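Novice: here is a sequence together with a model predicted from it:
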Amino acid sequence: MKKAIKAISFSLVLSLVFGLFTWYSENYSFTERYAESNSKYRNIYDMPEDTVDIIFFSTSIYRAILPSYLYLLNGNTSFNLFVDQMPVSLIKPILEHFLVEKQSPKLIVVDLSFAQRDPDIINQLHVRYTIEGLPFNIRYKILKDILPYYENAPKIQSVDVFSYLFPALYEHNNYSNAVLGGKSYDSNTEINFMGNYKDLYWGAKKFASVPALNDYSPSPISDNALEILDELLDYAKTQELELLFTMLPKTGIKGSGGKIDKTEMQQNKWLYDYVTNKGFTVLNLFADGYLDETGINPEKDFADERHLNMKGSAKFTYWLATYLNENYEIKDHRDDDEYFDWLEMGFDFYEVCESHNLILNLDLD
């Protein structure tokens, strides 16, 4: 009897310790960008079911898309479900294991910027930045899907599933990589549950031009990167998902003053041709004439070589709202009482922009 009681007590203590350790791993991380991941995924998971029409994915897409402004323009609800330098390999498993539980987006928009770099250049911290904010069970499912791609990738330091599930184990011995390698993130800069940010990227850097994609000959991406992309494309077709791709404008290598990465442009050209031949639409913002359509000015509308500033983002969002109205049937929720929070937050965002002398145009052509 005593042995049984001891065994039961030991099991209870062990379960408690494991539970606390799991909670700790889900709610705490040395990685500063964990706050970003945690905030986004917890916010969208807590939103009412099937209330998000459009999901924006991939690295740095938040620098070009303003969900609150988009809602004011056409009443489409959207969410920037990015994390800084988010690997493309994570998009499909996040859709499959996470969003399917709560949201059924009418459109998924993915920027192709990093498709040629994953998993050959993306390092293991970028995987951690994204998944550390996810619930433990979902994190496990995602890891099972993606880690085979990274087993032979040059910059992945570890494919130990246990350390991804319990990040504190990894970060305890890798403090400089986890903390010093990440950017500072202040969750107080988040303006609302749509994934918008305020007080960021109001300045401008002057650049001469944006390179035209058609000036470059196509060069294929790696077999590993192609396998990841094909899996996403096949999943979208199998699940009958509306998938729209973008190639957001860039003026060159970050910090270079506008120097062009020829290999990147050649691979972008190959990606554009490949994805369009697969039957998907790619909004090629490196194409001749797009500057006239969007009104984006390389001398005024970029925060750096890789990202638009707020003025540039507002111009692109306005152009995108027009494109969505012309090509998709997504409901306008502005007259729906249950979406009042979206309208209220939209006008909060408008006032933030107004305080920075950015007056948003609310009249679509």
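Specialist: It's in.

Novice: hey, C-alpha coordinates of the helix or strand hosting Gln266 in CSV?
Specialist: Applying DSSP states H and E as the criterion places Gln266 in helix 262-277. Presented in CSV, the C-alpha positions along helix 262-277 are these (Å, rounded to 0.1, in the frame of the first residue of the first chain):
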residue,chain,number,x,y,z
LYS,A,262,22.0,40.0,-59.0
THR,A,263,21.5,36.4,-57.8
GLU,A,264,18.5,37.4,-55.8
MET,A,265,16.9,39.1,-58.7
GLN,A,266,17.6,36.2,-61.0
GLN,A,267,16.0,33.8,-58.5
ASN,A,268,13.0,36.2,-58.1
LYS,A,269,12.6,36.1,-61.9
TRP,A,270,12.7,32.3,-61.8
LEU,A,271,10.2,32.2,-58.9
TYR,A,272,7.8,34.5,-60.7
ASP,A,273,7.8,32.4,-63.8
TYR,A,274,7.6,29.1,-61.9
VAL,A,275,4.7,30.1,-59.6
THR,A,276,2.7,31.7,-62.4
ASN,A,277,3.1,28.7,-64.6
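
Novice: what packs against it?
Specialist: Counting contacts by 3 or more Cβ pairs under 8 Å, 6 or more residues apart in numbering; DSSP states H and E, helix 262-277 is packed against helix 223-238, strand 243-247, strand 281-284. (C-beta placed from N, C-alpha, C; glycine too.)

Novice: which of these is buried the deepest?
Specialist: Highest mean neighbour count of those: strand 243-247, a mean of 21 (counted as mean count of other Cβ atoms under 10 Å).

Novice: show me what that strand is packed against.
Specialist: Using 3+ Cβ pairs under 8 Å, 6+ apart: strand 243-247 touches strand 107-111, helix 223-238, helix 262-277, strand 281-284.

Novice: okay, the residue nearest the centre of the chain: pLDDT?
Specialist: The residue lying closest to the centre of the chain (Cα atoms, centre = their mean) is Phe82, at 2.0 Å. pLDDT, Phe82: 73.

Novice: ok, now how distant is it from Lys331?
Specialist: To Lys331, Phe82 is 24 Å away according to Cβ to Cβ, to the nearest Å.

Novice: ok, back up a step: tell me which residues of the helix holding Gln266 are tucked away?
Specialist: Residues of helix 262-277 classed as buried by neighbour count (16 or more other Cβ atoms under 10 Å): 264-272, 274-275.

Novice: tell me which stretches of the stretch 51-200 of the chain form strands.
Specialist: Remark: strands assigned in the stretch 51-200 of the chain by DSSP state E, counting those that start in this stretch are 54-57, 78-80, 107-111.

Novice: now the last one: mean pLDDT?
Specialist: On average, the pLDDT along strand 107-111 is 93.

Novice: put the alpha carbons of it into PDB.
Specialist: Only the C-alpha atoms of strand 107-111 are listed here, as PDB (Å, rounded to 0.1, in the frame of the first residue of the first chain):
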ATOM      1  CA  LEU A 107      -7.600  34.700 -49.200                       C
ATOM      2  CA  ILE A 108      -4.000  34.000 -48.100                       C
ATOM      3  CA  VAL A 109      -1.400  36.400 -49.300                       C
ATOM      4  CA  VAL A 110       2.200  35.300 -49.300                       C
ATOM      5  CA  ASP A 111       5.300  37.300 -50.200                       C
END
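
Novice: tilt between that strand and strand 243-247?
Specialist: Relative orientation of strand 107-111 versus strand 243-247 (axes from the mean of the first three to the mean of the last three Cα atoms, to 10 degrees): 30 degrees.

Novice: summarise which helices and strands strand 107-111 is packed against.
Specialist: strand 54-57, strand 243-247.

Novice: run a quick neighbour tally on Glu293.
Specialist: 13 (other Cβ atoms under 10 Å).

Novice: these two touch, right, it and Leu320?
Specialist: No. Applying Cβ atoms under 8 Å as the test, Glu293 and Leu320 come out as separate, 10.8 Å apart.

Novice: low-confidence ranges, the stretch 201-350 of the chain, go.
Specialist: 255, 288-289 (pLDDT under 70).

Novice: columns distance to Pro211 on top of the helices and strands packed on strand 107-111, output as JSON lines?
Specialist: Output for these, formatted as JSON lines (distance: least, Cβ to Cβ, whole Å):
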{"stretch": "strand 54-57", "distance to Pro211": "24"}
{"stretch": "strand 243-247", "distance to Pro211": "11"}
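
Novice: can you check which of these gets nearest to Phe280?
Specialist: Closest to Phe280 of the helices and strands packed on strand 107-111, according to Cβ to Cβ: strand 243-247, at 5.9 Å.

Novice: so in that sheet, which strands flank the closest one, and in what orientation?
Specialist: Here strand 243-247 has these sheet partners by DSSP bridges: strand 107-111 (parallel), strand 281-284 (parallel).

Novice: let me have those strands in CSV, extended by distance to Pro218.
Specialist: As requested, the strands paired with strand 243-247 are exported to CSV (distance: least, Cβ to Cβ, whole Å):
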stretch, distance to Pro218
strand 107-111, 19
strand 281-284, 13
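
Novice: nearest to Asp341, out of the ones you listed?
Specialist: Nearest to Asp341, of these and by Cβ to Cβ, is strand 107-111 at 20.9 Å.

Novice: tell me the angle that closest one makes with helix 262-277.
Specialist: Angle, strand 107-111 to helix 262-277, by the same axes, to 10 degrees: 160 degrees.

Novice: in CSV, list the helices and strands packed on helix 262-277 along with distance to Ser256.
Specialist: Below are the helices and strands packed on helix 262-277 laid out as CSV (distance: least, Cβ to Cβ, whole Å):
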stretch, distance to Ser256
helix 223-238, 23
strand 243-247, 19
strand 281-284, 22
